[in-house]
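Enquirer: Everything below, folded, please.
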Amino acid sequence: MSWTSWTRNSLTALAVCVLLPLGVAGCGTGQAHGRGSAVSSSPVGKVLDDTDETGRHLREVDREDAPEVGVEVTPDSGGGWDVLLTFRNFRLSPAHAKPRAVPGRGLAYLFLDGHRVARLHTREFHLAGHLVPRGTHHVTARLYADDGTVWAVRGKKVESTADITASGADADSGADPDPDPGAASDQGAGPTVFHSAVRRSTASPPATTTAFTAGR
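Expert: Sure thing, here's the model as predicted:
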């Protein structure tokens, strides 16, 4: 009698275990349940061995699901440059987002001639004039997941680059000009854009910086 009772109790416990959701790892253990919120527990794309110049690994996704970015750089009448980013299949995360990869989410890094100058959670950024000396420079916006990996397509980083050319007295020394109201005149002393286009794209080259590209 006691053996029969024990058997029934065991079968009942087993049935409860079987009927529990598949997400529970075992009966009564609960291990790894609720702990796996790291990137590895819900993979997005494929993390490659390749890295960018900052040492961050590329995260490759299918082209049809890939985020895209465009960058537009225009001179600011008050000095410096205004940068505007445009996106497709992508949304900027808040500054304190969890460090995990979510499809179509993340942040943008802004590079000037290959050197990182800003970490962006907004579409707009003001590039100080003293950072852009006289000559032609390359402003690149690159998309990252919140875990720090670089969004990529076919092994290429998802980024967009605009060429800008600075000229005038404010660019000669690489420093901001003196705040002399009479210095700013119609003589072209401020920075001007000679050319601004997305370069080195794996897709068909767009005509302007507002077009989208899925990589360099």
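
Enquirer: tell me which element Asp163 is part of?
Expert: In the assignment (DSSP states H and E), Asp163 maps to strand 159-166.

Enquirer: just the CA coordinates of that strand, formatted as PDB?
Expert: C-alpha atoms of strand 159-166 as PDB (Å, rounded to 0.1, in the frame of the first residue of the first chain):
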ATOM      1  CA  GLU A 159      28.700  52.900 -42.000                       C
ATOM      2  CA  SER A 160      28.500  56.000 -44.200                       C
ATOM      3  CA  THR A 161      31.200  58.500 -44.900                       C
ATOM      4  CA  ALA A 162      31.000  62.100 -46.100                       C
ATOM      5  CA  ASP A 163      34.000  64.100 -47.500                       C
ATOM      6  CA  ILE A 164      34.300  67.700 -46.300                       C
ATOM      7  CA  THR A 165      36.800  70.400 -47.100                       C
ATOM      8  CA  ALA A 166      37.600  73.200 -44.700                       C
END
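
Enquirer: so what secondary structure elements neighbour it?
Expert: Judged by 3 or more Cβ pairs under 8 Å, 6 or more residues apart in numbering; DSSP states H and E, the packing partners of strand 159-166 are strand 68-75, strand 135-144. Every residue, glycine included, has its C-beta placed from N, CA and C.

Enquirer: so where's the protein uncertain?
Expert: For the chain, the stretches with pLDDT under 70 are 1-42, 168-216.

Enquirer: those helices in this protein, which residues are they?
Expert: 2-19, 169-172 (DSSP state H).

Enquirer: How about stretch 96-103, which residues are buried there?
Expert: 97, 100-102 (16 or more other Cβ atoms under 10 Å).

Enquirer: List just the nearest of those to Glu72.
Expert: If you rank the buried residues of stretch 96-103 by distance to Glu72 using Cβ to Cβ, Ala97 comes first, at 25.1 Å.

Enquirer: Next up, the contacts around the closest one.
Expert: Contact partners of Ala97, counting by Cβ atoms under 8 Å, 6 or more residues apart in numbering, are 105, 146.

Enquirer: Recalculate using a threshold of 7 Å.
Expert: For Ala97, the contacting residues are Asp146, by Cβ atoms under 7 Å, 6 or more residues apart in numbering.

Enquirer: Identify whichever of the helices and strands packed on strand 159-166 lies nearest to Glu124.
Expert: strand 68-75 (10.3 Å).

Enquirer: Can I get stretch 94-105 in PDB? Just the C-alpha atoms.
Expert: Taking C-alpha atoms only, stretch 94-105 is exported to PDB below (Å, rounded to 0.1, in the frame of the first residue of the first chain):
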ATOM      1  CA  PRO A  94      18.800  55.500 -24.800                       C
ATOM      2  CA  ALA A  95      22.200  56.200 -23.200                       C
ATOM      3  CA  HIS A  96      21.700  53.600 -20.400                       C
ATOM      4  CA  ALA A  97      20.300  50.700 -22.500                       C
ATOM      5  CA  LYS A  98      21.200  47.200 -21.500                       C
ATOM      6  CA  PRO A  99      24.500  45.900 -23.100                       C
ATOM      7  CA  ARG A 100      22.900  43.400 -25.400                       C
ATOM      8  CA  ALA A 101      22.300  43.200 -29.100                       C
ATOM      9  CA  VAL A 102      18.800  43.900 -30.300                       C
ATOM     10  CA  PRO A 103      17.900  43.800 -34.000                       C
ATOM     11  CA  GLY A 104      17.700  47.300 -35.400                       C
ATOM     12  CA  ARG A 105      18.800  49.000 -32.200                       C
END
